[in-house]
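Peer 1: With the input below, show me the fold.
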Amino acid sequence: MRVKQIYTGCLSQGAYFIESNGEAAVIDPLREVTYYIDLANKYESKIRYIFETHFHADFVSGHLSLAKKTGASIVFGPNAKPEFKTIVANDNEIFKIGNVTLTTIHTPGHTLESTSYLLKDENGKEHCIFTGDTLFLGDVGIPDVAQRYAGLSKEELAGILHDSINNRIKPLPNDVLVYPGHGAGSACGKNMMKQTVDTLENQKKINYSLNDSLSREDFIKQLTENLPEPPTYFPSNVKLNIEGCLDFDDVLKNNLNSLNLQEFKVLSNSKETVVLDVRTPDLFSKGFIPGSIFIGLNGQFAPWVGSVLKDINTQILIVCEKNKEKEVITRLSRVGFDNVLGYLEGGFDSWKKSNEKIDYINSISALNLKKIVNNKLSLLDVRKNSETKNGFLTDAINIPLNDIDLHISKLNKLSTHYVHCAGGYRSMIACSILKKSGIDNLFDISGGFSEIKKVKLNINYK
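Peer 2: A predicted model of the protein is given here:
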C-alpha cells in the first residue's frame, strides 16, 4: 500500500494518491492531472476512482479531466448533486482499491455534502482518514464558505460540523493519521497548522474542536465568531466544480500565446483587460508597465489573483520572466482564470528596450522610516486584522489587502503613503493597485512588519 500526499504550497492544498496491488485512487486532484497519471504509470497501476471530499470553492478540481483520461469513476459523498455522471456514495459505503478499502464517512458542516474517507490497510486496520475541509490540523473548516444554504444559518452549519467531528471522526483509533485538505494559508479555515499530517491522538490534545471540555454551544460560538466573508471568486469555483469546466490541456492551448510589443499594446488598451506582472516584488518596484497589477509567482499567487481580480472572466495579459509562461497559466487555471489573452514576448525587458513609459514603486527601509516617522506620515498596514494583534505601527491605518479596493476613495491622493504588510509581498500588490487607481505618492516599506519590529519603531499591541 502506498499513500502519497501531493501538497501545493500556492493553494495550501493537499491532494492524495493511494495505490495497492495494481489499482489506485486519487483524492481531490488539481486541475492539471498529468502528475497523477504519471504516478499510476510509475507504479504500474490503474486509477479506478477519483474521490472528492466536497465541491471545492478555493480551486478548480481535475476530477472530470482525470476521469476522461483514465476511465476512473468519480465519487462524491451523500447530498452531492453534480451535473455530470458520478457515483454519489452512501454513508459508510466501502470502495475496494487493490487490497485496501476506502469507506465514506459523511461529515457535513463545512458544506452539506462534505465527506471524509477512511483508509483501511490490507489487514482491515484503520490507517488514515482524508478529512477534506472538515477537520484541519489545529482547526476546522469554516461553515458555508461559498455556498449559501437556504434555511440554514452559519450557526446551524457549525453545529452540524461539531456533530460530524465528534460523532464520526473523534471515535476513531488514536493512531489513525489525519490527512487534511488544506494547511496554513488557506482561506477555508482560520488558524491551521503548517504541518500537513498528524495523528488523531495529537489532534485530540491540541485541536479545540476535539476538546472534551468544549461544549457544542461554545464550539459554535468560537467557530462563527469574526467569520470572514469568502473571497469573491469562491462561488465561481464551486459552480465550475459542480457543472464542469474546460480541460486544462485546452486552457493551455488557448492561453499560451506569445504577443509582440505592438500586439500586447493594442490588447492592453482595453478597459476590460488587466496587465498582470508576476515577477518578484523587487523587480516590479524597479520598473513596470504603467497600470499593471503586481501579483508575484513567489507567493500565494493563485489565491491572491482570485481575491484581487475577483471575476474569473477577466481578460489577462501576462508579464513574466522567460520560461515562466506555462507556470503562470497553469496556476491561474487552478482558480478558474482561463481568459489569458497571451504574454509579452521578451517580458518586461522588451517593453523597456522600446523606450515605452515606465512606472516605479519607491521603497524605504524600516530604519530610514524610523528617522521620519514622527512627521505625521500616512502609514498603511495591509495585513489581516488578526495579524495586528501581534503588534502594529502607532497611527497606522489597517486596510487588509483583500478589501483595499473598497477603501481607495478614502485615501488622500495628494498625501504620501507608506505601505507595509508582514514581509513585503502583499504590500507590493497593494502599491500596484493604488498606483493603478491614481495614487502616485507611495513608498513600500522594505521587509514589512518583520523589519519594522527589528528597528523598534513605535509599536502598539491590542
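
Peer 1: shaky segments in this structure?
Peer 2: For the chain, the stretches with pLDDT under 70 are 145-150, 462.

Peer 1: how about 80 then?
Peer 2: Applying pLDDT under 80 to the chain flags residues 144-151, 185-191, 226, 228-229, 374-375, 461-462.

Peer 1: Could you check how many residues crowd around Pro143?
Peer 2: 28 (other C-beta atoms under 10 Å). C-beta here means a position set from N, CA and C on the backbone, and glycine is covered the same way.

Peer 1: List the contacts of the nearest residue to it once chain neighbours are set aside.
Peer 2: Among residues not flanking Pro143 along the chain, Leu157 sits closest, at 3.4 Å (C-beta to C-beta, 6 or more residues apart in numbering). When contacts are counted by C-beta atoms under 8 Å, 6 or more residues apart in numbering, Leu157 touches Gly109, His110, Pro143, Asp144, Tyr149.

Peer 1: Give me the domain ranges for this protein.
Peer 2: With domains defined by automatic domain parsing, the chain comprises 2-235, 246-353, 362-460.

Peer 1: doesn't Pro303 fall inside a helix?
Peer 2: Yes: counting by DSSP: H, G, I helix; E, B strand; the rest coil, Pro303 is found in a helix.

Peer 1: ok, it touching Ala57?
Peer 2: No: at 11.1 Å, Pro303 and Ala57 do not qualify as touching, with contact defined as C-beta atoms under 8 Å.

Peer 1: okay, now Thr86: neighbour count?
Peer 2: For Thr86, using other C-beta under 10 Å, the count is 18.

Peer 1: Would you tell me what helix or strand the residue nearest to it when sequence neighbours are not counted is located in?
Peer 2: Nearest in space to Thr86, with sequence neighbours left out and distances taken as C-beta to C-beta, 6+ apart, is Ile74 at 4.4 Å. Here Ile74, judged by DSSP states H and E, is contained in strand 73-76.

Peer 1: which helices and strands does that strand pack with?
Peer 2: Judged by 3 or more C-beta pairs under 8 Å, 6 or more residues apart in numbering; DSSP states H and E, strand 73-76 is in contact with strand 46-51, helix 63-70, strand 87-88.

Peer 1: Now with 7 Å, please.
Peer 2: Counting contacts by 3 or more C-beta pairs under 7 Å, 6 or more residues apart in numbering; DSSP states H and E, strand 73-76 packs against strand 46-51, strand 87-88.

Peer 1: which other residues reach the longest one?
Peer 2: Applying C-beta atoms under 7 Å, 6 or more residues apart in numbering, the contact partners of strand 46-51 are 22-27, 29, 36, 40, 63, 66-67, 70, 72-75, 95, 97, 102, 117.

Peer 1: Now that strand: buried residues?
Peer 2: Buried residues in strand 46-51, counted by 16 or more other C-beta atoms under 10 Å: Ile47, Arg48, Tyr49, Ile50, Phe51.

Peer 1: before we move on, what about stretch 340-360?
Peer 2: For stretch 340-360, by 16+ other C-beta under 10 Å, it's Val340, Leu341, Gly342, Tyr343, Leu344, Gly346, Gly347, Phe348, Ser350, Trp351, Asp359.

Peer 1: ok, of these, which one's closest to Lys326?
Peer 2: For the buried residues of stretch 340-360, the residue nearest Lys326 by C-beta to C-beta is Tyr343; the value is 9.7 Å.

Peer 1: and the closest one, what is it in contact with?
Peer 2: Applying C-beta under 7 Å, 6+ apart to Tyr343 gives the contacts Ser258, Leu259, Ile318, Cys320, Glu325.

Peer 1: Would you mind listing which of the contacts of strand 46-51 are buried?
Peer 2: 23-27, 29, 36, 40, 63, 66-67, 70, 72-75, 95, 97, 102, 117.

Peer 1: can you pull out the helices in the stretch 301-450 of the chain?
Peer 2: Counting by DSSP state H, counting those that start in this stretch, the segments of the stretch 301-450 of the chain that form helices are 301-309, 325-333, 347-353, 366-372, 425-436, 448-454.

Peer 1: Nearest to Ile87 among these would be which one?
Peer 2: Closest among those, using C-beta to C-beta: helix 325-333, at 25.9 Å.

Peer 1: tell me how far the closest one is from the chain's mean position?
Peer 2: Distance of helix 325-333 from its chain centroid, counting by C-alpha atoms, centre = their mean, to the nearest Å, is 15 Å.

Peer 1: strands paired with the one helix or strand Thr104 maps to, and their directions?
Peer 2: Counting by DSSP H and E, the element that carries Thr104 is strand 100-106. Taking DSSP bridges as the criterion, strand 100-106 forms sheet pairs with strand 94-97 (antiparallel), strand 115-120 (antiparallel).

Peer 1: any residues touching the shortest one, and which ones?
Peer 2: Applying C-beta under 7 Å, 6+ apart, the external contacts of strand 94-97 come out as Ile18, Ser20, Glu23, Ala24, Ala25, Arg48, Tyr49, Val75, Thr101, Leu102, Thr103.
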